[in-house]
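1. The following block contains a protein sequence and its predicted model.
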Amino acid sequence: MLLDVRDIHTFYGLSHVLHGVSLSVAEGRVVALVGRNGAGKTTTLRSIVGLTPPAEGSVVFEGETISGRKAYRNARSGIAYVPETRDVFSLLTVEENLRIAEDAASPWDVERVMRWFPALADLRDRKGSQLSGGQQQMMVIGRALVTGPRLLLLDEPSQGLAPVIVNDVLAMLKDLKTEGLSVLLVEQNIRMALELADDVYVMEHGAIVHHAAPDALAKDPAVLERYLGVAA
Amino acid sequence: MPLSLLVSQLLNGIAVGMLYAVAALGLSIIKGLLNIPNFAHGAFYAVGAYLLYAVVSATESFWLGLVVATVVAGGLGVLVEWFGVRRLYGGAYLFQLLLLFGVSLVVTELLIVLWGPEGKSLSPPDFLQGALIFSGIFYPKYLLFTTVAGAVIIVAVWLLIERTRYGAIIRAGIEKTEMVSALGINIEVLFTLAFAFGAGLAGLAGALAAPIVGITATMGIDMLAMAFVVLVIGGLGSLYGAVFAGLLVGITQSLVALYWPSASTILIYVAMVLILLWRPQGLLGER
Ligand SMILES: Nc1ncnc2c1ncn2[C@@H]1O[C@H](COP(=O)(O)OP(=O)(O)OP(=O)(O)O)[C@@H](O)[C@H]1O
Ligand SMILES: [Mg+2]
């Protein structure tokens, strides 16, 4: 297993948010993590990368226990995190946003990202704050790629984007999947999650409540309705 | 009042303003990235002045003195950040203030222990002695040097911050610290370096000031107050507001001193209050 999350418990101060979450991501797979607002999806990703370290349980990445290590070390060992808030550096240019993240050993360098998203190449000298939501999303995915990830943690890449742009993002993620990149994808857009993922975990109240293949889940209106509020 | 006197005083104000700007820029970088009010900044400034004095006394080399002042003040910054400040990130301002104020007192006393309670004076190096005199305007060469050196330092810092990858990381860290670490950058080392860099700028400003203002263990206290005023006037959120405000304050102080010497410092505080009432974010601050 590339990533094994084993029974983690995470707190924000005194508030106990994750109650024993376990999940795994196999090499080259796209795994989706879905669930309603406040279920604990973002907290799970933050626990994995080390920004909100779990108090109990462990995160094992490529056979090594990484929970308890600092976020920058986990990032260097190959976990790239694209937050829900995107966290574009608004005063840096597009090129600088990518350049500060670049690792010489990554198969993705800044120029390759620019070729992959020609829209970004045209905006190279634009400040991060001047990009549209879709452009920002492309840029932060590119920023994650240039760090040379073995695992990409993507938090709601479709959030707040117009449907046409969501399709662009979906196409990009399919490209990455074809390249063999392993992804843990948090997504409220169920159609997108089911279309991309090899494996789906459903979360509620800080715990995994369901684990299924995407086509099985698509045919399970009871689960969709109960945990995701999607009318079947 | 003759025009030539006014111009002389203006030139003097620009030189002093450059020193304020360099010291305040250091304060501004520390405040921006670490969100720490560096109350020990004045101590680093005094350390810079004494080191220049010590090196010049021992080796007669002014240039070596400037380098030693900057590097040792920066090194002292590393120690203070490493053993003290980093334990207080995100904590209450009061503790940061107490720690840094404590550091400042200890350093000030150490300077007295090492060099005695009387002040020292240091004349500019030979090639910067004397003055340029043109149409009645008296322009000491050392003030010209200070002005040029200040401008070079500010431009160099600007290039470093705006044009290098290291600078881009600092700008990113000022805005979103957590995201910078999630990109694999060791933010703690970055903080240490930034604190040291700010302290080094204070040391360099102190060294440059030494031949102008004289050297005393408490020289940093006046500078600290002035540097904070400059920072607030320029705008706490703006790295370079400090540069603009430093020059403005230096020039204003010098010109006012011509007409009403006793008021030249208090007037700056009054101006700060008025500016804050009009623009609470400072002259170049945003929001
Ligand atoms: N910084 C915080 N401090 C305290 N509680 C928090 C914090 N962030 C999140 N929470 C709480 O933790 C729980 C899980 O939040 P989390 O953001 O992980 O959910 P999510 O599944 O990502 O939700 P969404 O779909 O809205 O992004 C929620 O109840 C939330 O209110
Ligand atoms: Mg979330």
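-> Everything's here; your move. Predicted, not measured: the structure shown is a model, and the values here were computed from it. Numbering: from 1, shown residues only, chains lettered A, B, ... in the order given. Ligands and ions are numbered 1, 2, ... in the order given.

2. can I assume residue B:82 is in contact with residue B:189?
-> No: in this structure, residue B:82 is not within contact of residue B:189 by C-beta atoms under 8 Å, at 10.3 Å. From N, CA and C alone the C-beta is placed, and that goes for glycine too.

3. Write out the residues of chain A neighbouring ligand 1.
-> A:12, A:15, A:17, A:35, A:37-43, A:84, A:188 (C-beta under 6 Å from any ligand atom).

4. Please identify which of the residues you listed is nearest to residue B:4.
-> For those, the minimum distance to residue B:4 (C-beta to C-beta) is 64.5 Å, reached by residue A:84.

5. can you tell me which residues contact the closest one?
-> A:42, A:155, A:156, A:159, A:186 (C-beta atoms under 8 Å, 6 or more residues apart in numbering or on different chains).

6. avg pLDDT for stretch A:204-213?
-> For stretch A:204-213, mean pLDDT rounds to 96.

7. What's the end-to-end length of that stretch?
-> Length of stretch A:204-213, first residue to last, C-alpha to C-alpha, to the nearest Å: 18 Å.

8. Could you do stretch A:196-205 as well?
-> The straight-line separation of the ends of stretch A:196-205 (C-alpha to C-alpha) is 24 Å.

9. do the same with stretch B:119-138
-> Stretch B:119-138: ends 27 Å apart by C-alpha to C-alpha.

10. before we move on, the earlier item: spatially, which two of the contacts of residue A:84 are the most separated?
-> Once C-beta to C-beta is applied, the contacts of residue A:84 give A:42 and A:159 as the farthest pair, at 11.1 Å.

11. which of the two has more neighbours?
-> Using other C-beta atoms under 10 Å in any protein chain shown as the criterion, residue A:42 and residue A:159 rank with residue A:42 on top: 20 against 16.

12. Would you tell me what helix or strand that one is located in?
-> helix A:41-49 (DSSP states H and E).

13. quick check, distance from that helix to the centre of its chain.
-> 9 Å (C-alpha atoms, centre = their mean, to the nearest Å).

14. Please save the CA atoms from the next helix or strand after it in PDB.
-> Next along the chain after helix A:41-49, taking DSSP H and E as the criterion, comes strand A:56-61. Output of strand A:56-61 as PDB, limited to C-alpha atoms (Å, rounded to 0.1, in the frame of the first residue of the first chain):
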ATOM      1  CA  GLU A  56      -3.800   8.700  18.100                       C
ATOM      2  CA  GLY A  57      -3.400   6.100  15.300                       C
ATOM      3  CA  SER A  58      -0.900   6.300  12.600                       C
ATOM      4  CA  VAL A  59      -0.300   7.300   9.000                       C
ATOM      5  CA  VAL A  60       2.000   5.000   7.100                       C
ATOM      6  CA  PHE A  61       3.400   6.200   3.700                       C
END
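
15. Hey, what's the angle from strand A:56-61 to helix A:41-49? Just curious.
-> If you take axes from the mean of the first three to the mean of the last three C-alpha atoms, to 10 degrees, strand A:56-61 sits at 70 degrees to helix A:41-49.

16. Strands of chain A, start to end?
-> Ranges of strands within chain A are A:3-12, A:15-25, A:30-35, A:56-61, A:64-65, A:79-82, A:151-155, A:182-186, A:199-204, A:207-212, based on DSSP state E.

17. closest one to residue A:143 among those?
-> The nearest among those, by C-beta to C-beta, is strand A:79-82 at 7.8 Å.

18. Of the residues of chain A next to ligand 1, grab the buried ones for ChimeraX.
-> Of the residues of chain A next to ligand 1, the buried ones go into a single ChimeraX selection, burial set by 16 or more other C-beta atoms under 10 Å in any protein chain shown:
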select /A:17,35,39,40,41,42,43,84,188
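
19. Ligand 2 next: which of the residues of chain A next to ligand 1 are close?
-> A:42, A:84 (C-beta under 5 Å from the ion).

20. residues in chain A within reach of ligand 2, list them.
-> Proximity of chain A to ligand 2 (C-beta under 5 Å from the ion) is limited to residues A:42, A:84.

21. how far away is residue A:32 from residue B:12?
-> 68 Å (C-beta to C-beta, to the nearest Å).

22. same deal with residue B:25?
-> As judged by C-beta to C-beta, residue B:25 and residue B:12 stand 20 Å apart.

23. of the two, who's got more company?
-> Ranked by neighbour count (other C-beta under 10 Å), residue B:25 and residue B:12 place residue B:25 first, with 31 against 24.

24. what's the helix or strand for the more buried one?
-> helix B:3-34.

25. by contact count, what packs against that helix?
-> helix B:41-59, strand B:137-140, helix B:141-163, helix B:165-175, helix B:187-213, helix B:219-234, helix B:241-259 (3 or more C-beta pairs under 8 Å, 6 or more residues apart in numbering or on different chains; DSSP states H and E).
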